[in-house]
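*Asks:* no sequence on hand, only this structure:
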């Protein structure tokens, strides 16, 4: 990949998940020169084993669904390139985006880079990261076929990981610091009936132990001082995500959680910058919602660029009074 992309894009979309790829589809269909710039493919959706609540699709894996999103966007001319954005600045009427490998420019910008998995922040986590500590059950689950693993968390991501790993592993410990789960009750009910899953509630993992690879974890009950050791081959951390938005905090407004603040039309506080998906202050983090917000962001970018050229952009649907 060359150091500089000399072409100026109409729209650069940062993030290649459902929001970013849908935005690319809609912007390219409006004949906007569109680039998706992403450090990975498909976002969190791509590492989801089963998706059964996307309208019109009864059951699919996340990676396959995201591949269809990308193929459709590329079919209308959108480009997809890989790189992690380090800096964004405004120069004249253009946004300059810098990564470790390249620089590129656009007249409008859509932020759709999602969230980053949270760490446990306990002894042994960094030492055994990639050597038994994983943040992606879909990616690393096949490595633990017929082995014993632990899943940490109580939301939908933890429940989905537990269901998936129970199909591969001989034993799955599901460890949650509360006494109730925050995920979908239907999934909780299925897991409770699975003989390969053992739930350990009101407990927290306090240390990861091993030599070259993970061998065990220490678990402390929140109701007392009891600590027990569980022998495991792998640990899957599923405790949620955080917004890594420090590189844009001086450009647009963020909330206390670091999420990008948008209005109902995906506008941010900076003209020409739009945002969609899980990285925004939208209360619901779902594939279908990210996709819908991505479509809105692209249409808003199209409207913004048209107004910049002095064109009158009419809404798709206008109610006559």
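*Replies:* Received the coordinates, thanks. The shown structure was predicted, so the numbers you read here are calculated from the model rather than taken from an experiment.

*Asks:* can you tell me the strand partners of the host helix or strand of residue 13 and which way each runs?
*Replies:* Using DSSP states H and E, residue 13 maps to strand 4-14. In the sheet, strand 4-14 lines up against strand 34-38 (parallel), strand 103-111 (parallel) (DSSP bridges).

*Asks:* nearest to residue 141 among those strands would be which one?
*Replies:* strand 34-38 (23.3 Å; CB to CB). For glycine as for every other residue, the C-beta is placed from the backbone atoms N, C-alpha and C.

*Asks:* list of residues touching the very next helix or strand once past the closest one?
*Replies:* As assigned by DSSP H and E, the chain's next helix or strand after strand 34-38 is helix 43-46. Defining contact as CB atoms under 8 Å, 6 or more residues apart in numbering, one finds that helix 43-46 is touched by 15-20, 40, 51, 62-63, 65-66, 113-115, 138, 157, 241, 277-278, 287, 290.

*Asks:* how much space between the closest residue to residue 55 other than its chain neighbours and residue 167?
*Replies:* Spatial nearest neighbour of residue 55, excluding adjacent residues (CB to CB, 6 or more residues apart in numbering): residue 288 at 6.3 Å. Taking CB to CB, to the nearest Å as the measure, residue 288 falls 25 Å from residue 167.

*Asks:* and if you look at residue 284?
*Replies:* 28 Å.

*Asks:* then residue 264?
*Replies:* 41 Å.

*Asks:* same deal with residue 292?
*Replies:* For residue 292 relative to residue 167 (CB to CB), the value is 31 Å.

*Asks:* got it, and residue 29?
*Replies:* 39 Å.

*Asks:* so which of those two has more stuff around it?
*Replies:* residue 29 (17 against 12; other CB atoms under 10 Å).

*Asks:* so where do the helices sit in the stretch 201-321 of the chain?
*Replies:* Along the stretch 201-321 of the chain, counting by DSSP state H, counting those that start in this stretch, helices occupy 287-308.

*Asks:* which residues of it fall in strands?
*Replies:* With DSSP state E, counting those that start in this stretch as the criterion, the stretch 201-321 of the chain has strands at 203-210, 214-221, 227-231, 234-237, 241-242, 273-275.

*Asks:* doesn't residue 109 make contact with residue 12?
*Replies:* Yes - the pair residue 12 / residue 109 is scored as a contact, 5.7 Å apart, by CB atoms under 8 Å.

*Asks:* give me the domain ranges for the chain.
*Replies:* As given by automatic domain parsing, the domain ranges for the chain are 4-115+243-308, 133-237.

*Asks:* tell me the most buried of the ones you listed?
*Replies:* Among the domains of the chain, ranked by average contacts under mean count of other CB atoms under 10 Å, first place goes to domain 4-115+243-308 (a mean of 20).

*Asks:* helix or strand for the nearest residue to residue 277 once chain neighbours are set aside, which one?
*Replies:* If the residues on either side of it in the chain are set aside, residue 277 comes closest to residue 19, at 3.0 Å by CB to CB, 6+ apart. Assigned by DSSP H and E, residue 19 falls within helix 18-29.

*Asks:* nearest the geometric middle of the protein, what residue?
*Replies:* residue 44 (3.7 Å; CA atoms, centre = their mean).

*Asks:* ok, now how distant is it from residue 113?
*Replies:* 11 Å.

*Asks:* overlap of the contact sets of these two?
*Replies:* In contact with both residue 44 and residue 113: residue 17, using CB under 8 Å, 6+ apart.

*Asks:* hang on, the earlier thing: ok, which of the strands paired with strand 4-14 comes nearest residue 189?
*Replies:* strand 34-38 (36.0 Å).

*Asks:* now do the same for the closest one: mean pLDDT, whole number.
*Replies:* Mean pLDDT, computed over strand 34-38, is 97.

*Asks:* what's the residue lying closest to residue 66 once chain neighbours are set aside in contact with, if anything?
*Replies:* Of all residues not flanking residue 66 in the chain, residue 42 sits nearest, at 3.4 Å (CB to CB, 6+ apart). Applying CB under 8 Å, 6+ apart to residue 42 gives the contacts 16, 17, 18, 21, 62, 63, 66, 67, 69, 70.

*Asks:* circling back to that earlier point, so which elements touch the helix holding residue 19?
*Replies:* strand 4-14, strand 34-38, helix 43-46, helix 62-75, strand 103-111, helix 287-308 (3 or more CB pairs under 8 Å, 6 or more residues apart in numbering; DSSP states H and E).
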